[in-house]
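Participant: Task: produce atomic coordinates for the following.
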Amino acid sequence: MIALARFVIYGQPRPKGSKTTFITDAAMAKATREGRKPYSVSKEPDSTTQWVRLVSQVMGEVLSGPEWAQDGPVAVSATFYFPCPKSRRGAGWHITTPDGDKLARAVGDEGNGIAWPD
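Facilitator: A predicted model of the protein is given here:
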């Protein structure tokens, strides 16, 4: 059986994969004491966190029924809309960041465990 689900997520699409990485002083001190390399802590920008949370919420609402129990291949198609910068009004396509790969990654990561098994 082929199941088709369509939904719209309003808001400014945000990429996944652009993280700020930092090492806390406590992590550095502990790693030094234990004779190992320190690990880094990553934090998504707040705007990304809010958008992917909305993606997850909408997917959960739309794909919550038993008719959506997927155990086979899943195809995902996504279209992202952006406001056109004032400097490019009427010029056509959105050609600046974020790139499509990072936007698709955001949708795909949020689908894990909701739209398909992780």
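
Participant: tally of neighbours for Cys84?
Facilitator: 13 (other Cβ atoms under 10 Å). Just so you know, the C-beta spots here come from the backbone N, C-alpha and C atoms, and that holds for glycine as well.

Participant: centroid residue for the protein?
Facilitator: Taking Cα atoms, centre = their mean, the centroid of the chain lies closest to Ala106, which sits 1.8 Å from it.

Participant: hang on, isn't that residue packed against Trp51?
Facilitator: Yes - between Ala106 and Trp51 there is a contact under Cβ atoms under 8 Å: 7.2 Å.

Participant: quick one on the thing from earlier: which residues sit in contact with the residue nearest to the centre of the chain?
Facilitator: Counting by Cβ atoms under 8 Å, 6 or more residues apart in numbering, Ala106 touches Pro13, Arg14, Pro15, Lys16, Gly17, Thr48, Trp51, Val52, Val55.

Participant: and those residues as JSON lines, adding neighbour count and secondary structure?
Facilitator: Converted to JSON lines, the contacts of Ala106 look like this (neighbours: other Cβ atoms under 10 Å; DSSP: H, G, I helix; E, B strand; the rest coil):
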{"residue": "Pro13", "neighbour count": "19", "secondary structure": "coil"}
{"residue": "Arg14", "neighbour count": "22", "secondary structure": "coil"}
{"residue": "Pro15", "neighbour count": "22", "secondary structure": "coil"}
{"residue": "Lys16", "neighbour count": "22", "secondary structure": "coil"}
{"residue": "Gly17", "neighbour count": "14", "secondary structure": "coil"}
{"residue": "Thr48", "neighbour count": "20", "secondary structure": "helix"}
{"residue": "Trp51", "neighbour count": "22", "secondary structure": "helix"}
{"residue": "Val52", "neighbour count": "21", "secondary structure": "helix"}
{"residue": "Val55", "neighbour count": "23", "secondary structure": "helix"}
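
Participant: Specify which member of the residues you listed is nearest to Pro83.
Facilitator: Pro13 (10.9 Å; Cβ to Cβ).

Participant: Setting aside sequence neighbours, what's the nearest residue to the closest one?
Facilitator: Closest residue to Pro13 apart from its sequence neighbours, by Cβ to Cβ, 6 or more residues apart in numbering: Phe80 at 4.4 Å.
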